[in-house]
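In: sequence? don't have it. structure:
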C-alpha cells in the first residue's frame, strides 16, 4: 500500500507535486539563493526533494487498490533534503486498471513554488505500480501548464525514490 500512496509524489504531481534543489538553470540564467533559477527565455531546469506530509488517519496497511479507488497526498518541497522549504504540492490519483499486484493510476498534481520566479505548475501521469513494492519505480510526469513565471509551461518532471524523499528533476520550457 505504501507504493500506492507514494506513486504521485508528486507528487504527481502531483504533481505534485516537488523539489527545487541544486538548481541547474539553463545557460545564462541567474539565480537567487532560496529561489527557482531565473528563466533565460527558454525555461528552467532544477531539482527538488519532496517529503510527504502524512494526512490524518493515513493507513498504509489496507487492502490492495481496485478500479475506481482514489487517493490523495501532499508533499513539502525542499531545495535539499532537510534544506529550505520552497513550495508544496497536492496530488489526486484514481486507479483505472488493476490486475493482480499491478495497478495503473491516473494522477494529477499541482506544484506551488515560492520565491522569484514563482507560480504554480500542473502535471499528470498514467503510472503503473506494483502494490508489493516498497519503493515505486522512477516515472515521468507531463507538465501540462503553469501560472506566474511558469505561464505557458510544458515539459516533464522525472520522479525517483531517494530514501525518505522523492527526487524531482524539473525540465520546463515556457515558450
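Out: Great, that's in hand. This structure is a prediction, so every number in the text was calculated from the model and none was measured.

In: alpha carbons only for contacts and neighbour counts from here, please
Out: Noted.

In: ok, how many other residues are close to residue 140?
Out: Neighbourhood size, residue 140 [other C-alpha atoms under 10 Å]: 21.

In: Identify the bridge partners of it.
Out: residue 158 (DSSP bridges).

In: Could you check which helix or strand contains residue 94?
Out: Using DSSP states H and E, residue 94 falls within strand 85-99.

In: now do the same end-to-end measure for stretch 91-111.
Out: End-to-end distance of stretch 91-111 (C-alpha to C-alpha, to the nearest Å): 9 Å.

In: How about stretch 131-142?
Out: End-to-end for stretch 131-142, by C-alpha to C-alpha: 23 Å.

In: again with stretch 92-111
Out: Stretch 92-111: ends 12 Å apart by C-alpha to C-alpha.

In: One more: stretch 54-73?
Out: 8 Å.

In: buried residues in it?
Out: 64, 65, 66, 70, 71, 72, 73 (16 or more other C-alpha atoms under 10 Å).

In: What is the nearest of those to residue 94?
Out: residue 70 (4.3 Å; C-alpha to C-alpha).

In: Touching, that closest one and residue 91? I think so.
Out: No: with contacts counted by C-alpha atoms under 8 Å, residue 70 stays clear of residue 91, the gap being 10.5 Å.

In: Show the average pLDDT along the strand holding residue 94.
Out: Average pLDDT, strand 85-99: 95.

In: buried residues in it?
Out: Neighbour-count burial for strand 85-99 [16+ other C-alpha under 10 Å]: 85-96, 98.

In: Before we go further, residue 82 is sitting in a strand, right?
Out: No: membership of residue 82 in a strand is not supported by DSSP: H, G, I helix; E, B strand; the rest coil, which gives coil.

In: quick one: strands adjacent to the strand holding residue 94?
Out: Strand 85-99 pairs in its sheet with strand 70-78 (antiparallel), strand 102-113 (antiparallel), by DSSP bridges.

In: For residue 119, which non-adjacent residue is closest in space?
Out: residue 148 (4.5 Å; C-alpha to C-alpha, 6 or more residues apart in numbering).

In: Could I get the full set of helices for this structure?
Out: 2-6 (DSSP state H).

In: what residue ranges in it score low on pLDDT?
Out: Within the chain, the segments meeting pLDDT under 70 span 1-41, 57-62, 116-117, 134-135.

In: hmm, 90 instead?
Out: 1-44, 54-66, 82, 99-102, 114-118, 128-138, 149, 174-175 (pLDDT under 90).

In: quick one on the thing from earlier: need the buried residues of stretch 54-73 in a markdown table (columns: distance to residue 103).
Out: Output for those, formatted as a markdown table (distance: C-alpha to C-alpha, whole Å):
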| residue | distance to residue 103 |
| --- | --- |
| 64 | 9 |
| 65 | 8 |
| 66 | 8 |
| 70 | 12 |
| 71 | 13 |
| 72 | 16 |
| 73 | 18 |
